Structures are given as structure tokens and as C-alpha cells.
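the sequence isn't on hand, but the structure is:
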């Protein structure tokens, strides 16, 4: 028998158990009983405007007042219907609660010494019972090894004399024959956005298993790529750690969730959504430029490029660092005719050594335009350049063709 149950923020798959008894509480109250003077517990349709706003799977169930806050200063209970229990069976309670921190909700069993709390697998959220908020519908599992019949069990809410809340809502109860208890994933590290493009990205999770081996698998996707998996290694009985070893391009979102398995049952966390973080391009450092007021159409800036992986740098458009200098600009288009390398240039009283300066580049662009330009002294021209007012440089004769007379 297979079942899929949504446990708040956990999706569990039950593969190793058969349901022996199910109280869905949809058509009737399940033959649960309350005291004749009971004013707290009610069976009926859940209100869409109060409490959970609907049931776990249906529309009806038991609640401590369906459409209003529970009453103060009461120890109010509802007793389960009779059903014979076998050794090794498990009771699953599918419920929702929002209680004041001083009020408690508990499953209790009647013994010769009176009523006593039945501890669930993985324990109550507090030492004494359920309190605070469940943050959605959840499933809690209880061992029935010490129970002979379910009419020994009751759901009880202990409320003090002050502060009310929405209450305790019960949608279904299931008696399972077999291992129906899935692993519990209590937390998964939510990574924040980062400027680390290289990784690895370390993720931790806390998970528990009632019996048997426990394994965790991280499922992640980088951008629009297909999902990948990597194991989370056990660091202790409940702490697991793994890494996303993947270089991530800048501007990419990484989404992930975890699967916990005991070999029989499996839990997905989060149940339906994904955790995510975004990788940003690191900002350059050591940015420097002209000091003081600058009146010009261009200004020389220098900076130190961030240390990133080459793949991410190319995708993000960051220029590669030029060897031997701090100028990280891309090389612009070569001036017509080009400047002969290794020569000194004299441009309006300014000297520039090896390589093209920004000023030389702009001057070359002016020379390429058709309007007349006054000849400049000190320029060394390459092949294909024509100074204004000068003669056309001789064309190189092709092999087998006579040269024209001058």
C-alpha cells in the first residue's frame, strides 16, 4: 500500500505499511465521544474564515470550537472509538493547531494509574505537549505497542484562565500496520545570496529516523539546467552536510530541496516549494580615476577585477585582465593604418610609449573621417594611412604586373 501525505512543509511517502483502520471524519464523527456537559469539542465542517480555513483532505472533522476561539480554564477531551490494536501498529494523527504558549494539546492513554501522555515519535514540540503553532496541517505518529484498544486514547486540550487562540483541529486518524513512520527533516539550511562564483556551497540539514538507517540526498538545479543530486554526509546522528560543487555564472539562481529516506519511507523537504539563493557578480575593487574636477568627454579609470571563474567572467561580460598592467579596458578598434609598435609618438606635446593610448585612438578615428585634417608632425604612418594634403602612397605591385610610371 502506498500513501502520500502532506506534513506541513514535508511531503512523506509511506511504502511499508497497510492502513488497518481509518477515521476520515468526513461523513460522521467517527463514533468519538465527549462528556455530556462538554462545551469545548465540536464535530462539523471547518470554517473557511477561521482556523486552518479547511481540512487536511476533506471539509469536516473535530475541533475545539470550529468557528471561534477555544474556551479558557478547561481540561476538555474527546475519546476515540474502539478498535483492536496489534503489536507494532502505529497511530497517525493529522491535525492543525494554534494555541497560547501556556495551553497544551496532548494524546493520552488510560492506565490503571489514570491518564498519562503518549509520547510521539520524535517527541512533542515541547516537553509536555503541542503548543504554539503547527504552521499548517501536520502528521504526528504514535507507537501503539502499549495500547490494546483505541478507546483507551483521548485527545485533550488543557487551557488556563487567560488568553485564547484558534484551537486544535483534527481531520483524520489512521492506524497503520507496519513501518509507516517517515524520516523527520527538522531543518534545511537556507543559503543567502552570494558573490562567490566558484563554490563549493555548503548546506546542512537536521533529520531524524525512528528505526533503521537514514540517508539524505540534496537535489539542486543551477539556473535552467536539469536537476543534479549529491549526498549529504552524516556528521552526527542527526546532522548532515554536503556541498554543491558547481561553478555558477553570475546572475544565476540555484534552487534546492532534500530527500530523506530510511529505505522504506521517504520525506521531501520543503514539501512542494524550493529553497534558493542567487549568485551575484562581485564588484571590482581599487577603483581609481582623476582627482578633482575633470572637464573632458573621456576619463581614464583603473580598477582591480574580481577574482572569478573564467566561465562566469565570460558570461557576465567582465573583460579579462591585460598582462603587465592595471588597465582592464578592452582593446578598441585599431586606427586606420595602425601605429607602428615600439615608436615614440608626439601628439600635441604629449608623449606616449609602447602601445596605443586613448588619445591616439581618438585621433586615428578623426583621421579616418573624410573631412580635411591639418597634417601633424611627428606621426609615423603605417601602410594604408594617407595624411591630409599628402600624396597617395604607392600601391604594391602584384607579381607579374608592371608598376605605373610616376
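Sure, I can see it. Just so you know, these numbers come straight off a predicted model, no measurement behind them.

quick one: pLDDT of the nearest residue to residue 203 once chain neighbours are set aside?
Spatially, and ignoring its direct neighbours in sequence, residue 203 is nearest to residue 189 (5.1 Å; C-beta to C-beta, 6 or more residues apart in numbering). Glycine gets a C-beta too; all of them are placed from N, C-alpha and C. Among the per-residue scores, residue 189 holds a pLDDT of 97.

and residue 189, how close does it get to residue 182?
21 Å (C-beta to C-beta, to the nearest Å).

between these two, which one's more packed in?
Remark: of residue 189 and residue 182, residue 182 carries more neighbours, 28 against 15, as counted by other C-beta atoms under 10 Å.

assign that one to helix, strand or coil.
coil (DSSP: H, G, I helix; E, B strand; the rest coil).

quick check, it in contact with residue 265.
Yes - using C-beta atoms under 8 Å, residue 182 is in contact with residue 265, at 3.9 Å.

count the neighbours of residue 94 for me.
Neighbour number of residue 94 under other C-beta under 10 Å is 24.

just confirm it is within a helix.
No - under three-state DSSP, residue 94 sits outside any helix and is assigned strand.

residues in contact with it?
Neighbouring residues of residue 94 by C-beta atoms under 8 Å, 6 or more residues apart in numbering: 5, 56, 57, 137, 138, 139, 170, 171, 172, 173, 174.

now residue 33
Applying C-beta under 8 Å, 6+ apart to residue 33 gives the contacts 78, 79, 81.

on the three-state scheme, residue 22 is what?
strand.

the closest residue to it other than its chain neighbours is in what secondary structure piece?
The shortest distance from residue 22 to any non-neighbouring residue, by C-beta to C-beta, 6+ apart, is to residue 174 (5.1 Å). Using DSSP states H and E, residue 174 maps to strand 167-179.

where's the residue nearest to residue 47 when sequence neighbours are not counted, which helix or strand?
Nearest non-adjacent residue to residue 47, counting by C-beta to C-beta, 6+ apart: residue 67, 4.3 Å away. With secondary structure defined by DSSP H and E, residue 67 is part of neither a helix nor a strand.

surely residue 67 and residue 53 touch.
No - Residue 67 lies out of contact with residue 53 (C-beta under 8 Å); the separation is 11.2 Å.

tell me the spacing between the residue nearest to residue 22 and residue 255.
Note on residue 174: its distance to residue 255, by C-beta to C-beta, is 33 Å.

looking at the two, which is more packed in?
The residue with more neighbours, out of residue 174 and residue 255, is residue 174; 22 against 15, by other C-beta under 10 Å.

and the pLDDT at the more buried one?
Per the predicted model, pLDDT is 96 at residue 174.

what sits against it?
Under the criterion of C-beta under 8 Å, 6+ apart, the neighbours of residue 174 are 19, 21, 22, 23, 91, 92, 94, 180.

can you pick the most crowded of those residues?
residue 180 (27 neighbours).

tell me how many other residues crowd residue 18.
By the criterion of other C-beta under 10 Å, residue 18 has 12 neighbours.
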